[in-house]
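Enquirer: Next input, structure requested:
(one chain, ligands or ions: 2)
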Amino acid sequence: MKIAITGTPGTGKTVAAEGLRRKGFEVMSVEQIIESHGIEKEYDEASDSYLVDTEELQRIPLEGNTLFIEGHLSHYTDVDVIVVLRCHPAVLRERLLERGYSEKKLTENVMAEILDVILVESLIRGKKVYEINTTGVSAEDVVGKLVGITEGITDGLSPGRVDWSEEMTSWD
Ligand SMILES: Nc1ncnc2c1ncn2[C@@H]1O[C@H](COP(=O)(O)OP(=O)(O)OP(=O)(O)O)[C@@H](O)[C@H]1O
Ligand SMILES: [Mg+2]
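Expert: Ligands and ions are numbered 1, 2, ... in the order given. I've put the predicted structure just below:
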């Protein structure tokens, strides 16, 4: 079984990956896959981010015993299960502010979180999808839930429970 850990930038994928590694799980980042397979990245000025051919990413067979793949494009890799990390928009905004994101990039990412963009991208891949709301949940507990998924413990993680639509009303 291969499990993708995906989610809007800032939702805590890398922190969760570090926790899993400390517990002895093998976690690969999508960046590593992109680099080792020489997949081209194209810088997109409009979004101040790198664009990757996701069709190409889907075609790469994931070898070895790596259980987890992390990154905001990991739902496009050849996994069996996709876990989408979610974070309350206000909390996410603070985290991305700390990173020094521009106002434009910040708004784009917070908007994407509110609109379930990565969840929808994940659901249309036709794989098993789970959601973890990480808001107010320690990194250790997020790791615990991810380990639980490997053991078939998925109570409360079915997609559709996270709903940030109320947040839209606070936008002017
Ligand atoms: N469970 C958590 N509770 C509180 N803060 C967290 C938690 N997980 C991550 N953070 C904090 O949120 C920020 C973003 O975390 P992280 O770098 O893991 O996000 P990411 O999802 O990997 O983002 P990106 O897609 O840009 O790589 C960091 O400052 C991290 O310390
Ligand atoms: Mg990361």
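Enquirer: Report whether the expected contact of L97 with L106 is present.
Expert: Yes: judged on C-beta atoms under 8 Å, L97 makes contact with L106 at a distance of 6.5 Å. To be clear about C-beta, it is placed using only N, CA and C from the backbone, and glycine gets the same treatment.
Enquirer: Mind checking which of these two has more residues around it?
Expert: Neighbours of L97 and L106, each counted by other C-beta atoms under 10 Å, are more numerous for L106; the result is 19 against 12.
Enquirer: Which pLDDT does the model give the more buried one?
Expert: What the model reports as pLDDT for L106 is 95.
Enquirer: what's in contact with the host helix or strand of it?
Expert: In the assignment (DSSP states H and E), L106 maps to helix 103-114. Contacts to helix 103-114, defined as C-beta atoms under 8 Å, 6 or more residues apart in numbering, come from residues 8-11, 47-49, 86-87, 89, 92-93, 96-97, 101, 118, 164-165, 167-168.
Enquirer: Tell me how far it lies from the chain's centre.
Expert: Relative to the mean C-alpha coordinate of its chain, helix 103-114 is positioned 15 Å out (C-alpha atoms, centre = their mean, to the nearest Å).
Enquirer: Show me the strands in the chain, by range?
Expert: Ranges of strands in the chain, per DSSP state E, are 3-6, 27-29, 41-44, 49-52, 68-70, 81-86, 128-133.
Enquirer: Tell me which residue in this structure sits closest to ligand 2.
Expert: For the chain and ligand 2, the shortest gap (C-beta to the ion) falls at T14, measuring 3.2 Å.
Enquirer: what's the spacing between that residue and P89?
Expert: 20 Å (C-beta to C-beta, to the nearest Å).
Enquirer: again, but for G152
Expert: Taking C-beta to C-beta as the criterion, G152 is separated from P89 by 31 Å.
Enquirer: So between those two, which is more surrounded?
Expert: With neighbours defined as other C-beta under 10 Å, G152 and P89 compare such that P89 has more, 22 against 6.
Enquirer: which residues does the more buried one contact?
Expert: If a contact means C-beta under 8 Å, 6+ apart, then P89 has V110, E113, I114, W164, E167 as its contacts.
Enquirer: Now stretch 101-115: buried residues?
Expert: Taking 16 or more other C-beta atoms under 10 Å as the basis for neighbour counts, the residues of stretch 101-115 that come out buried are Y101, K105, L106, E108, N109, V110, A112, E113, I114.
Enquirer: now, which of those sits nearest T134?
Expert: Distance to T134, by C-beta to C-beta, is smallest for E113 among the buried residues of stretch 101-115, at 11.3 Å.
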